[in-house]
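[1] Sequence below, structure please.
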Amino acid sequence: RSEVGSERITKDGYIQVKVAEPNKWDLKHRIVYREHYGEIPENCNVVFGDGNKQNCNIDNLILVNKKEMYIMCTKGLFKDDTELTKTGKIIADLHLKIYERRK
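    Next up, the predicted model:
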């Protein structure tokens with residue numbers, strides 16, 4: 001039986017933290033992000049800039065909305081370097097703005 005505050009790795013490689021009894025767990029990267037920036041909007045995900053699901057350093061966590069996520073996935077804008085992934089998000093935002101202007 002794990003204590004509140006204990007960590008475990010999911011089968012997908014994410015770190016979970018036990019946040020309450022009897023068996024309530026949350027993803028560590030989401031906890032870290034909320035501690036720094038507040039609640040995560042419903043249409044957004046927190047992604048790992050370097051692609052390492054266990055690197056929960058706040059500088060490695062990037063908030064992306066679902067449209068940005070789609071563009072970043074389809075255009076190969078997720079990289080194994082945090083700064084390049086942040087740049088990929090900017091490129092995705094430009095694609096979205098261009099698309100909105102053309103409508």
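
[2] Show me which residues of the top helix by length along the chain are buried.
    Identified as the longest helix of the chain according to DSSP state H is helix 82-102. By 16 or more other C-beta atoms under 10 Å, the buried positions in helix 82-102 come out as Thr82, Thr85, Gly88, Lys89, Ala92, His95. For every residue, glycine as well, the C-beta is placed using N, CA and C.

[3] now stretch 58-77
    Buried residues in stretch 58-77 (16+ other C-beta under 10 Å): Asn60, Leu61, Ile62, Val64, Asn65, Glu68, Met69, Ile71, Met72, Leu77.

[4] before we move on, what about stretch 25-35?
    Leu27, Lys28, His29, Arg30, Val32, Tyr33.

[5] And the contacts of stretch 78-89?
    Val47, Gly49, Asp50, Gly51, Asp59, Asn60, Ile62, Val64, Glu68, Met72, Lys75, Leu77 (C-beta atoms under 8 Å, 6 or more residues apart in numbering).

[6] could you measure the residue lying closest to the second one once chain neighbours are set aside against Val46, distance?
    I take that to be Gly49. Spatial nearest neighbour of Gly49, chain neighbours left out: Thr82 (3.0 Å); criterion: C-beta to C-beta, 6 or more residues apart in numbering. In this view, Thr82 and Val46 are 13 Å apart by C-beta to C-beta, to the nearest Å.

[7] Name the residues contacting each of those two.
    Contacts common to Thr82 and Val46, judged by C-beta under 8 Å, 6+ apart, are Ile62.

[8] The buried residues of stretch 25-35 in helices, which ones?
    Those of the buried residues of stretch 25-35 lying in helices (DSSP H): Lys28, His29, Arg30, Val32, Tyr33.

[9] export those residues to CSV and tack on pLDDT and distance to Ile15?
    Output for those, formatted as CSV (pLDDT from 0 to 100; distance: C-beta to C-beta, whole Å):
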residue, pLDDT, distance to Ile15
Lys28, 98, 4
His29, 98, 7
Arg30, 98, 10
Val32, 98, 10
Tyr33, 98, 13
